[in-house]
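Visitor: Got a predicted model here, sequence first, then my questions.
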Amino acid sequence: METRISPTALLALSLCLSTGAACARVEPEPSPTEIARGLPPQTSEQATVEVGPPQYSYQAVGKRNPFQSYFEEIRPDEPSRRRSKLERLELDQLKLVAVMIGTATPRAMVEDPDGRGHMVKIGTLIGRNGGQIERIGARHLVIHEEVRTPSGRFVHPVTMRLPEEKLALLDDD
C-alpha cells in the first residue's frame, strides 16, 4: 500500500518547520520563586517580553568634556588663586604711562580704564590671556602672551609703548 501526503499537509509541515514554530504547544515550567510564592505558572502569553531599541550608556571616564572650550586648559597642578585686577583686563584696556630704568629692577606704571596706576616689574602677570612682562625698555614694555589655538600653543609678544606726549617730554630734557 502506497502512502501519499497531500500537498496541503506538506505545505503546513514546511511552514511549521521554516518558522521554527512547534506544532505542539508546550507550557513553561514554573520557576522556583513562583512555586515558593504559590503563584500560578505563567502561560506563554504572559511570558512575552517586549524587545525595544538597545539602551546606550555614555561613559565619560577618560574623555574630554564636550562643553569645555579648547582655548581654556585645566591645570590641576596649579592651585586656584584669585586673579589680580591686571589679569582680569585685556591688554588693550591698559596704557603705559611711566617707565623707570637704570636700576637693578626696572619698573613701569600702567593705567587701567578707571585711571588707577599699577606698578609692574619683569615677571608680573598681566592681561586675560596669561601674559607676563618679559622686558622693560626705555620707552616700551614687552609682554609675552601664550595663545592657544586648535592646532597648538604659541607665544605672542605684545609691545606697549609710551604715548607720544610722554615721549616729547623725554626728548626735551
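Guide: In hand now; what should we look at?

Visitor: Tell me how far Glu146 lies from Asp114.
Guide: Here the criterion is CB to CB, to the nearest Å. By it, Glu146 lies 27 Å from Asp114. Yep, even glycine has a C-beta here, placed from its N, CA and C like the rest.

Visitor: Among those two, which residue is more densely surrounded?
Guide: For Glu146 versus Asp114, neighbours defined as other CB atoms under 10 Å are more numerous around Glu146 (13 against 7).

Visitor: Please enumerate the helices of the protein.
Guide: Counting by DSSP state H, the chain has these helices, from start to end: 7-19, 32-37, 164-172.

Visitor: And the average pLDDT for the longest one is what?
Guide: Helix 7-19 comes out with an average pLDDT of 71.

Visitor: got it, and stretch 51-66?
Guide: On average, stretch 51-66 scores 79.

Visitor: end to end, how far does that stretch reach?
Guide: Terminal residues of stretch 51-66 are spaced 32 Å apart (CA to CA, to the nearest Å).

Visitor: And the nearest residue to Gly117 once chain neighbours are set aside, how close does it get to Gly152?
Guide: Distances taken as CB to CB, 6 or more residues apart in numbering place Met109 nearest to Gly117, at 4.8 Å, with adjacent residues excluded. As defined by CB to CB, Met109 lies at a distance of 35 Å from Gly152.

Visitor: Quick check on those two: which one has the bigger neighbour count.
Guide: Using other CB under 10 Å as the criterion, Met109 and Gly152 rank with Met109 on top: 15 against 7.

Visitor: Now for the closest residue to Ala138 other than its chain neighbours: which residues touch it?
Guide: Nearest non-adjacent residue to Ala138, counting by CB to CB, 6+ apart: Ile101, 5.8 Å away. Listed by CB atoms under 8 Å, 6 or more residues apart in numbering, the contact partners of Ile101 are 136-138.

Visitor: By neighbour count, which of the residues you listed wins?
Guide: Ranking the contacts of Ile101 using other CB under 10 Å puts Ile136 first, with 20 neighbours.

Visitor: Enumerate every residue touching the residue nearest to that residue when sequence neighbours are not counted.
Guide: Distance criterion CB to CB, 6+ apart; nearest residue to Ile136, sequence neighbours excluded, is Pro106 at 4.1 Å. For Pro106, the contacting residues are 99-100, 121-122, 136, by CB under 8 Å, 6+ apart.

Visitor: For the contacts of Ile101, could you give me TSV that also reports distance to Ala12 and pLDDT?
Guide: Listed next are the contacts of Ile101 as TSV, based on distance: CB to CB, whole Å; pLDDT from 0 to 100:
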residue	distance to Ala12	pLDDT
Ile136	99	94
Gly137	101	91
Ala138	105	89
